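> Got a predicted structure plus its sequence, pasted below:
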Amino acid sequence: MKLQDLKADRPFKAYLYIREASVRDSKNGSRFIRLQLSDPEYREVTGYVWNANDADVEDYVTGRIVGIAGKGKEFQGNLQLDIQKIRLANDGDSVSIENFIETAPYSSEAMLEEIDAAVAGFKNRDLREITAAVIDGKRDRLDYFPAAKSFHHAVRGGLLYHTVSMMRLGKELSKLYPFIDQDLLTAGIVLHDMGKIDEMQASENGVVDDYTPEGKLIGHITTEITEVDRLGRELGTDPEILLLLEHMILSHHYEPEYGSPVRPMFPEAELLHHIDVIDARMNTMARIESQLEPGQFSEKVFSLDNVRLYKSKLADK
């Protein structure tokens, strides 16, 4: 069975992939495991292993395939999976993890080539050198790293996909606003999320297991500013260019509650923020809409300000 067959109070049986597992304590002192599960069509559902013992905690972790029997359950307007039986998949189950790994729609090699070509084409030498230096320092992980633990571009190669999509959008928008420095905007786009590679622990399947100590204590904005500042000083980057890049990274979340202590103060920084928001939200909407039938509403989506996304019936035409 697939998750599209999951209905409230109806039996359900399938092999599912654990995209995320978190161990929590219940009010009665017992432990339970919250599982975010997906099927080969990348549909997702939440399920719980109640009264989890040590073996359960060790077995049911991110990146494992499990055989599950249970039924659908409505909770606070959302459909969950009521897990009644669960076990790890084994070699005799004829199920491959490759069927569950969602990847970017372009190859990592092609996306890296596109980014490299754009950076090599920068007219400004300082922008070209520092941006290339950051990429080279992370190249071994860029081919598989996701852009987030969940929500937007949370797939294998997702960080490259997010970067390339933003570069293409930035290139088109710059045609409408000729006062934009295309090289500076593109450099900001390439650099703004590179700190996520040091913020998160991701497997080569593109699944984030956890956040690193740096990610938890500092966050990707600060780690990337620190890296850019260090490389800029080593390369002898023009101080103003270094300042502009650091401001773009620092301000791209726009609001203090999202990690940016200052708002964008020049056009390229402002445009970077909005391009980032557009690409992240459109990617999230595309992912959710692909799992809906025309005329259907989704459950509340946290990353979209808790709206319930609607799939238009025009999609049928």
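Good, I have the coordinates. Here the structure is a predicted model, which is why all the values come from computation and not from measurement. Numbers count the residues shown, from 1 in each chain.
> quick one: contacts for Leu16?
Neighbour list for Leu16: Leu3, Leu37, Ser38, Asp39, Val45, Ile65, Val66, Ile68 [criterion: C-beta atoms under 8 Å, 6 or more residues apart in numbering]. C-beta: built from backbone N, CA, C; applies to glycine.
> Show me where the protein has its strands.
Using DSSP state E, the strands of the chain run over 11-25, 31-38, 44-49, 65-75, 78-88, 200-202, 208-211, 297-301, 307-310.
> wait, which of those is closest to Gly121?
Closest to Gly121 of the strands of the chain, according to C-beta to C-beta: strand 200-202, at 29.4 Å.
> Report all helices and strands that the closest one contacts.
With contacts taken as 3 or more C-beta pairs under 8 Å, 6 or more residues apart in numbering; DSSP states H and E, strand 200-202 sits against strand 208-211.
> picking that back up, what's the closest of the contacts of Leu16 to Ala187?
Closest to Ala187, out of all of the contacts of Leu16 and judged by C-beta to C-beta, is Ser38, at 34.9 Å.
> so what's the closest one scoring on pLDDT?
As predicted, Ser38 sits at a pLDDT of 88.
> Over to Ala120?
At Ala120 the predicted local distance difference test score is 97.
> next one: the one 4 residues further on
Confidence at Asn124, expressed as pLDDT, is 96.
> Pretty sure it sits against Glu240.
No: using C-beta atoms under 8 Å, Asn124 is not in contact with Glu240; the gap is 11.2 Å.
> between the two, which one's more packed in?
Asn124 (15 against 9; other C-beta atoms under 10 Å).
> Would you mind listing the residues in contact with the more buried one?
Asn124 makes contact with Asp183, Leu184, Ile241, according to C-beta under 8 Å, 6+ apart.
> Over to Gly206?
Per C-beta under 8 Å, 6+ apart, neighbours of Gly206: Ile101, Glu102, Thr103, Tyr144, Phe145, Pro146, Ala154, Val155, Arg156, Gly157, Gly158.
> List the buried residues of stretch 133-144.
Ala133, Val134, Ile135, Lys138, Leu142, Asp143, Tyr144 (16 or more other C-beta atoms under 10 Å).
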